[in-house]
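Colleague: Fold the following.
(2 chains, ligands or ions: 2)
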Amino acid sequence: MLQINNLSATVGDKPILKGLSLTVNAGEIHAIMGPNGAGKSTLAYVLGGRPGYEVTGGSVTFTPTRHPGEGRDPDQTNKASQGDTSLAGLGPGLRRGDGEAIDLLALAPHERAAAGLFLGFQYPVEIPGVSFVQFLRESLNAQRRARGEAPLSGGEFLKLAREKAALLRLDMDMLKRPVNVGFSGGEKKRAEMVQMGILDPSFAVLDETDSGLDIDALRVVGEGINAVMRRPNKGVLLITHYQRLLDYVRPDFVHVLADGRIVKTGGAELAHELEEHGYEAVV
Amino acid sequence: MAIAEHLPTRRDEAFRYADLAALAPLWPVAVEAIAVPAGEHRALSIVPNGDAGTLRELAISLGKGASFDLRVLSAGAGYARISVRAELADRASFTLGAAQLGSGAQTLEVVSEVTHLGRDATSRQVVRSVAGGGASVNYLGKVKVARGADGTDGSQSVRAMLLDRQSSANAKPELEIFADDVKCAHGCAVGELDSQALFYMASRGLPPETAKRLMLQAFVAEAFVGAEGEDELLAAALAALEAML
Ligand SMILES: Nc1ncnc2c1ncn2[C@@H]1O[C@H](COP(=O)(O)OP(=O)(O)O)[C@@H](O)[C@H]1O
Ligand SMILES: [Mg+2]
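Modeller: Numbers count the residues shown, from 1 in each chain, chains lettered A, B, ... in the order given. Ligands and ions are numbered 1, 2, ... in the order given. Next comes the predicted model:
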């Protein structure tokens, strides 16, 4: 589903990723662990297409599969998008489910989202004056339009948002407030997962979603990740420092990222080893 | 800021950023004097639009405990200059909320001189400007606190967003204080939209133009918070923004 091949990237001309390769198949959850400064967040940002993170080599191929009930035939999809000039030039790659491999790095950040990629931020950004509800409804509908689906009405959207907020035990009133403004660290991370629930991506890259969470919140977030992403047609890259989130979200594979490369891969037991003995001893 | 019969020049401080060629056909300007009696409240919205150009010069005098709420939405195609002098007696309150949306080769400016004459008076100025297409958006604002005007509370919050490299913003908030017990805050920033926020929004699927629109709407809305015609002003501002993007 996501195939990262020999990826190299620089930030401000400094090489950070140095030939990283990794394949995640549909239905799999992969954890990425590694010391501070190893390049974990850089990997997440490069996958999301953040400006300033320059890819200098390698490729990323994304093959999102259709969600149940998303079965539109391409002809209808084309008709739905005709006349909407904002869709011109997006190409056919955004209609997930045709088994087509997408060159992820060729897409703009918002096109990657429409193709089914979600990025959970290590440091969610505050946006004064723009409410979560408005921002997320516009985001979801922009994705839907790009995929040739009908936009959700205000009522439909609120129902969906309420359901996902409840799943993550986030007070719905918080979604009426400006994006992340005045949220505690833990609330920001839960809000990231509410957004993931609402947007229902095919693939999620979650960058230290567990940091800043207390034990109870960790369990809620872990269960949320399972509920939204633990599906045969989805995949997850779970970037974390600590083994404890992996007690709730059991990874199929654990990778160690150090100095811009994957230096070791194992099963869930590798996370325990790392926790016990540290990176230096294991790598 | 004496109004002379002759056309101002660049040497006149209050006209240092003005578009003098656009000003000439509008000159001279009749000063609109407004006196608000003690304890009373007045509000005024000025919404210049169209291509003809707008020049207004207000002289507002606030009695004890009087208040005035002035809102400005400059979004037309021509030159607009809104100039206001306000004098505040004891406990008077003056609010200026202005949004300037410049989208072409034009100059939009707000010039203010707020004088706290009495004690415990409050003045709030919020100016939000957006410039694209080579526009120039300006704010020249002076807050003067007279001797003995203790308990003064004055604020100026001035921010401008530039949508491209051809456009420009000039902001000059000034304080002139002759009293001791005074709280004056001023902030002034010219910038571009927060790139981190734009990427965050893009990562959720928002196309860049939509993300910019949401951020600019929030930015401009700050000028109209608490206005009597807040909804109408906001709707007009958003429509003008829409036309710019
Ligand atoms: N914006 C930036 N400019 C310059 N260097 C950066 C920037 N962001 C990250 N780096 C550097 O890139 C390296 C990898 O950082 P990061 O990907 O954040 O690591 P991790 O998430 O694994 O802790 C670090 O050496 C960091 O200092
Ligand atoms: Mg990091």
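Colleague: Okay, now the unreliable bits of the stretch 1-150 of chain A?
Modeller: Within the stretch 1-150 of chain A, the stretches with pLDDT under 70 are A:66-98.
Colleague: Quick check: residues of it near chain B?
Modeller: Neighbours of chain B within the stretch 1-150 of chain A, by C-beta under 8 Å from any C-beta of the partner chain: A:48-51, A:86, A:108-110, A:112-114, A:118-119, A:121, A:124-130, A:134-136, A:138-140, A:142-143, A:146. Just so you know, the C-beta spots here come from the backbone N, C-alpha and C atoms, and that holds for glycine as well.
Colleague: B:L163 and B:G104: what is the separation?
Modeller: In this view, B:L163 and B:G104 are 12 Å apart by C-beta to C-beta, to the nearest Å.
Colleague: between these two, which one's more packed in?
Modeller: B:L163 (19 against 15; other C-beta atoms under 10 Å in any protein chain shown).
Colleague: which ones are touching the more buried one?
Modeller: B:V130, B:A131, B:G132, B:G133, B:M244 (C-beta atoms under 8 Å, 6 or more residues apart in numbering or on different chains).
Colleague: Can you lay out those as CSV showing secondary structure and neighbour count?
Modeller: Output for those, formatted as CSV (DSSP: H, G, I helix; E, B strand; the rest coil; neighbours: other C-beta atoms under 10 Å in any protein chain shown):
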residue, secondary structure, neighbour count
B:V130, strand, 29
B:A131, strand, 28
B:G132, coil, 19
B:G133, coil, 14
B:M244, helix, 18
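Colleague: Distance to B:T152 and pLDDT added to the residues you listed, as JSON lines?
Modeller: JSON lines is the format used below for those (distance: C-beta to C-beta, whole Å; pLDDT from 0 to 100):
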{"residue": "B:V130", "distance to B:T152": "31", "pLDDT": "96"}
{"residue": "B:A131", "distance to B:T152": "32", "pLDDT": "95"}
{"residue": "B:G132", "distance to B:T152": "37", "pLDDT": "93"}
{"residue": "B:G133", "distance to B:T152": "39", "pLDDT": "93"}
{"residue": "B:M244", "distance to B:T152": "37", "pLDDT": "85"}
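Colleague: so which of these comes closest to ligand 2?
Modeller: Minimum distance to ligand 2 across these is 34.3 Å, recorded for B:V130 (C-beta to the ion).
Colleague: among the residues of the stretch 1-150 of chain A next to chain B, which ones are buried?
Modeller: Among the residues of the stretch 1-150 of chain A next to chain B, the ones that count as buried by 16 or more other C-beta atoms under 10 Å in any protein chain shown are A:48-50, A:109-110, A:112-114, A:118-119, A:121, A:124-127, A:129-130, A:134-136, A:138-140, A:142-143, A:146.
Colleague: among those residues, which are in helices?
Modeller: Counting by DSSP state H, those place A:48, A:109-110, A:112-114, A:134-136, A:138-140, A:142-143, A:146 in helices.
Colleague: what's the closest of those to B:R56?
Modeller: Ranked by distance to B:R56 (C-beta to C-beta), these are led by A:Q134 at 34.2 Å.
Colleague: Just the helices from the stretch 51-200 of chain A, written as ranges.
Modeller: Assigned by DSSP state H, counting those that start in this stretch, the stretch 51-200 of chain A shows helices spanning A:74-81, A:109-115, A:132-146, A:154-167, A:185-199.
Colleague: Run through the residues that contact B:R124.
Modeller: By C-beta under 8 Å, 6+ apart, the neighbours of B:R124 are B:S93, B:F94, B:T95, B:L96, B:G154, B:S155.
Colleague: With B:G154 instead?
Modeller: B:V114, B:H116, B:T122, B:S123, B:R124, B:V143, B:V145, B:L175, B:V182, B:K183, B:C184, B:A185.
Colleague: Which PyMOL command selects the buried ones in the residues you listed?
Modeller: Remark: buried members of the contacts of B:G154, expressed as a PyMOL selection using 16+ other C-beta under 10 Å:
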select buried, chain B and resi 114+116+122+123+124+143+145+182+184
